[in-house]
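Q: Provide a 3D model corresponding to the input given below.
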Amino acid sequence: MTAPSGSIGPTEVQVSDAAAPVLTRWFKIMDSAAPEEILDLITEDFAFSVVFSTGANGAADFAGGRPELEGYLQQRERGVRTHVVLSAATAGNDELVVGEVRRGSDFEATFVAAARLDGAGRVRRLMIGRSPGVDFGSPAPVPAPPAPISRLGTATRRAGRA
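A: Numbers count the residues shown, from 1 in each chain. Reported below is the predicted structural model:
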C-alpha cells in the first residue's frame, strides 16, 4: 500500500532506544525471525489489545492475555513487515511510541503503542492502534529558539536612528 495523499513518505529516523527501551525492543523482536521471544517480556497477568483499521470505518481487535497473544503471533505474517519507531517517550512505568509499519520500503500504516511495565520492566498492559489513514512520516523538526534580544543592542540601534 502506498502512503495516503499528503504523506511524508518513508523516512529513516534515529530514535534512542533509551526513550522507550522495552517497546523499542518489542518491535525489534516482532520484526525478527523469532517474534515469539516477546513472550519473555510479559508478566503473568499480561493483557493487551491490538486494534487494526480495516477501512470503511471498520476495525479488527486482537485482545486478551498470553494465550491470545500466542494466537496472534501464530497468524501473523513473518518477515514481511517492519516497524519503524518515529518517536518514543517514557513517563513513570508507561512507555509510548509512534511509528510506521512498512512492507518492504513502502508505507503501510501508522501505529501508536502504549505499554505499562511492572517493577521488573516487563509488560503488564499493552495497547496498540494501527491505521493506514494517516502518515506521520518523520518527526516534526524542533524549531530553534529565537535569538535573544540584547537590550543594549536595541537601545544602541534606536539611538543611532534618532
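Q: what about this structure, any weak spots by pLDDT?
A: Filtered on pLDDT under 70, the chain yields the residue ranges 1-17, 138-162.
Q: Check it and tell me which residue is nearest its centre.
A: V98 (2.5 Å; C-alpha atoms, centre = their mean).
Q: Could you export the helix or strand containing it as CSV, CA atoms only?
A: According to DSSP states H and E, V98 maps onto strand 94-103. Taking C-alpha atoms only, strand 94-103 is exported to CSV below (Å, rounded to 0.1, in the frame of the first residue of the first chain):
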residue,chain,number,x,y,z
ASP,A,94,4.5,3.8,30.9
GLU,A,95,6.2,3.7,27.6
LEU,A,96,4.7,5.3,24.5
VAL,A,97,5.7,5.1,20.8
VAL,A,98,4.5,6.4,17.4
GLY,A,99,5.8,4.7,14.4
GLU,A,100,5.0,3.3,11.0
VAL,A,101,4.6,-0.2,9.6
ARG,A,102,6.3,-0.8,6.3
ARG,A,103,6.0,-3.6,3.8
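Q: Past that strand, which element shows up next along the chain?
A: strand 106-117.
Q: check contacts around the nearest residue to L69 once chain neighbours are set aside.
A: Once flanking residues are discounted, L69 sits nearest to F48: 6.1 Å by C-beta to C-beta, 6 or more residues apart in numbering. Where C-beta positions appear, they are placed from N, C-alpha and C, glycine not excepted. Residues in contact with F48 (C-beta atoms under 8 Å, 6 or more residues apart in numbering) are F62, A63, G64, G65, E68, L69, R125, L126, M127, I128.
Q: Strand partners (parallel or antiparallel) of the lengthiest strand in the chain?
A: Scanning the chain for the strand with the most residues, using DSSP state E, yields strand 42-55. Paired neighbours of strand 42-55 in the sheet (DSSP bridges): strand 58-64 (antiparallel), strand 123-131 (parallel).
Q: would JSON lines of those strands with distance to A18 and mean neighbour count be doable?
A: Shown next, in JSON lines, are the strands paired with strand 42-55 (distance: least, C-beta to C-beta, whole Å; neighbours: other C-beta atoms under 10 Å):
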{"stretch": "strand 58-64", "distance to A18": "29", "mean neighbour count": "12"}
{"stretch": "strand 123-131", "distance to A18": "17", "mean neighbour count": "19"}
